[in-house]
Each structure stands twice: as structure tokens, then as C-alpha cells.
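Asker: Need a 3D model of the following:
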Amino acid sequence: LEDYSTIFDFWFEAHLYPSPRGLSAYFRDISEKKKAEDLLLTSEESRRLIVSSAMDAIICTDMSGNITVWNRQAEKIFGWKEEEILGMNLAETIVPIAYRKSHKKGMSHYTKTGEGPVLNKINEMYALNRTGEEFPVELTIIPIQQKGREFFCAFIRDISERKRTEKKLQEERTLLRTLIDNLPDYIYVKDTSFRHIINNTSNVNLIGAASEKETLGKTAFDYFEESVAQAILADDEYVFKTGKPIISQEELIKTRSGEERWLLTTKVPLPDQNRKTSMLIGISRDITEIKKAQKELENSNARFEMISRTTNDAIWEWNLETNSIWVNEMHQHLY
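Answerer: Prediction:
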């Protein structure tokens, strides 16, 4: 018999035997044993609560691949209830048909060698739900030995939403990259050390590099003469220190080939989640031809002004849009 003594506050085990003279009784203090049993029961209950409440699907199988543990999250992800799937083979349920052969081969390899390429690491692969739909999962498989018994436990997470988000993000990145690489403007991004981390095709060609990869981690001093690089650096420092943009600033640079180019440049700070400027985005437009045209116009105007002053003819111009009249000095003198 096992009983608890309220007087002495301990558990005892009693063995009672009939004897020729009456009754023989033997008592043993089993308080520590009871504490251990209570601790084990509490531990088992805690384990069940943890397994059933886990955000990941927890699935355990024996060495034959038959399912022995199937928690609530596994029910939610795969669609089978625990009572329906316990005892069924893992390879015949959640492993897609295309992977079943390699799964069985891996199980056999582990049985022979104790090794497995997917064990004890995070893996991404596809799983099968009850309706036959394949979906991406992230899982970790751990071999466990307990009291001479060996089995596997897998911790599985449905990453369908994450994969959709990653795909959308990748599509947006591809679209953005296609756009910036096909724009004639020079577009680049720099870090706080003024190193290039992105260069579009136009900017790669401007600085004379063979590819974008060659430019990454480089600064203006790697591609331009020192005076030009110093001017670029001063502007970059201003943007990073003040957090203010530089809008439509004209700058003259000299390329590796020695050609001078006029650029109309805008530099914008890009803040991180703490609102601290972590990157700089630069967009430059080549206005060399415009500057040349402006210079030619200035020269033409200067020539016209010189001619109009020195000629003996009277010259006048009537602007029909503004209804204004311009005359040269000789015109004024004559009339």
C-alpha cells in the first residue's frame, strides 16, 4: 500500500503479510520517490503543453518513418488530425512524391552509418498537405536516443507567406534595377564611408569601369583626379553630416580618358530606421551638350553685339510677341 501521513508529512509504502501470530507490517519512506514521480508528471505535462502550443509543427517518427508525435500546429499546417495520422508513414503523407525516393534513401543511409546530410541543420524544401498541395517549409530534423530507443523529431514551419514576400520583393528589385540600368542618368548609392555600393550601367561607363562589381567598395578617389574627388567628397560629407539634400548642382568632372563632362547633380540622404543617414543616393544628368550650346550662344551674342556696335547700318528688331523694339546705337544716332 502507498499512503501519505499528515502527521509526519511524508509518503510511505507499507507491506502487510499475515503471520501465525497475526500480522507483519513493513514500512518504507518513499517521499523522495513521490517527489521524483510528481516532478516527472509535471515535466511530462509541461512537455505536452509546450509541444501542443508550439508555433512550429512538431512531428516525431520511429526508425521506420511511422509518425508517433503530431502536435496542433502540425494539424493546422498539414490538415490531418492527430488521431488520423498517428502510425501512418511520413513518406506516404507529407513528403512530396518527387522526394520520397531520396527520403527513403536518406533514412536507410542513416540506419547504416548514423549520418544524414539534412540532420541538425535548417533546411528549406517542399511539403505536402492533406489536399495534395505542395508548399515551402523550413525544417530541422533531429535524431534522438532515449532509453535505448531511437527516433526522429522534425520542427517544421510553413514559409509560404515569407516566400511570397521574398518573390514580390525580388520582382520589385528586378524592376527597379532594370529601370535604373536603362536610364541615361548616372545613378549611384554610397555608404557612410563614401564607398559605392550601387552603380547603374551609365555611371559604370562614366567612371570607365569594366563592370559594376569592379566599382563596389571604391570611392571617387579611385576614378577621378584629386581636385574633382575632393569636391565630390565635400558634397558627400555635407549630405551625411546635415541630412540635407543637394539639389541640381552643376559640377565639372574629368573622366579617366581625360574628357571633361558637365553634370547636373542631386544628392539625397537615405535615413535608416533610427532616422540617421546611412546611405546617399546620387543622380547626375550629363549637361555637357547644353553647356556647349550655352557657350556657343554666348559667343554668338557677343559677336552680334560687337557687329551691331561697329556697323554703320541702322539695325532694329520688333518682337511681335512682346510688342517691343530693339535698336542698335547707329539706329539711335541716325533717327
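
Asker: got the contact list for the closest residue to T131 other than its chain neighbours?
Answerer: Spatial nearest neighbour of T131, excluding adjacent residues (Cβ to Cβ, 6 or more residues apart in numbering): G79 at 6.6 Å. Heads up, the C-betas are built off the backbone N, CA and C, glycines and all. Applying Cβ atoms under 8 Å, 6 or more residues apart in numbering, we find G79 in contact with N129, R130, T131.

Asker: what's around the last one, how many residues?
Answerer: Think T131. Using other Cβ atoms under 10 Å, T131 has 7 neighbouring residues.

Asker: pLDDT wise, what is the residue nearest to T131 at?
Answerer: In this model, G79 is scored at 94, pLDDT.

Asker: State the distance from it to W326.
Answerer: Between G79 and W326 the computed distance is 87 Å (Cβ to Cβ, to the nearest Å).

Asker: The contacts of G79 into JSON lines, with extra columns for distance to T277?
Answerer: Below are the contacts of G79 laid out as JSON lines (distance: Cβ to Cβ, whole Å):
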{"residue": "N129", "distance to T277": "47"}
{"residue": "R130", "distance to T277": "51"}
{"residue": "T131", "distance to T277": "50"}
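
Asker: For G116, state which of those is nearest.
Answerer: Of all these, G116 sits closest to N129, with 24.3 Å by Cβ to Cβ.

Asker: Phi, psi for the closest one please.
Answerer: Main-chain dihedrals, N129, degrees, to the nearest 10: phi -100, psi -180.

Asker: Repeat that for I30.
Answerer: Here I30 shows phi and psi, under degrees, to the nearest 10, equal to phi -120, psi 30.

Asker: what's the distance between it and D9?
Answerer: I30 is 13 Å from D9, by Cβ to Cβ.

Asker: between the two, who's got more neighbours?
Answerer: Here I30 and D9 are compared on neighbour count by other Cβ under 10 Å; more neighbours surround I30, at 18 against 8.

Asker: Tell me who's in contact with the more buried one.
Answerer: Counting by Cβ under 8 Å, 6+ apart, I30 touches E2, W11, F12, E13.

Asker: try 6 Å this time
Answerer: By Cβ atoms under 6 Å, 6 or more residues apart in numbering, the residues touching I30 are W11, E13.

Asker: D38 versus that one, what's the distance?
Answerer: From I30 over to D38 (counting by Cβ to Cβ), the distance is 12 Å.

Asker: Same check on I290?
Answerer: As it turns out, when the distance is counted by Cβ to Cβ, I290 lies 87 Å from D38.

Asker: Check which helix or strand the spatially most central residue of the chain maps to.
Answerer: In the chain, the residue lying closest to the centroid (Cα atoms, centre = their mean) is E166, at 7.9 Å. Using DSSP states H and E, E166 sits in helix 160-181.

Asker: Following element in sequence after that helix, please.
Answerer: The helix or strand immediately downstream of helix 160-181 is strand 186-191, counting by DSSP H and E.

Asker: What is the subsequent helix or strand relative to that next one?
Answerer: Counting by DSSP H and E, what follows strand 186-191 is strand 196-199.

Asker: before we move on, back to that, wait, which of the contacts of G79 is closest to L263?
Answerer: N129 (56.6 Å).

Asker: can you give me the helices for the chain?
Answerer: With helices called from DSSP state H, the chain shows them at 31-53, 72-78, 82-85, 97-113, 160-181, 201-207, 212-215, 226-242, 288-310, 329-334.

Asker: who does the fifth one touch, helix- and strand-wise?
Answerer: When you say that, I think you mean helix 160-181. When contacts are defined as 3 or more Cβ pairs under 6 Å, 6 or more residues apart in numbering; DSSP states H and E, helix 160-181 packs onto strand 134-146.

Asker: Check which residues of the strand it packs on are buried.
Answerer: P136, V137, E138, L139, T140, I141 (16 or more other Cβ atoms under 10 Å).
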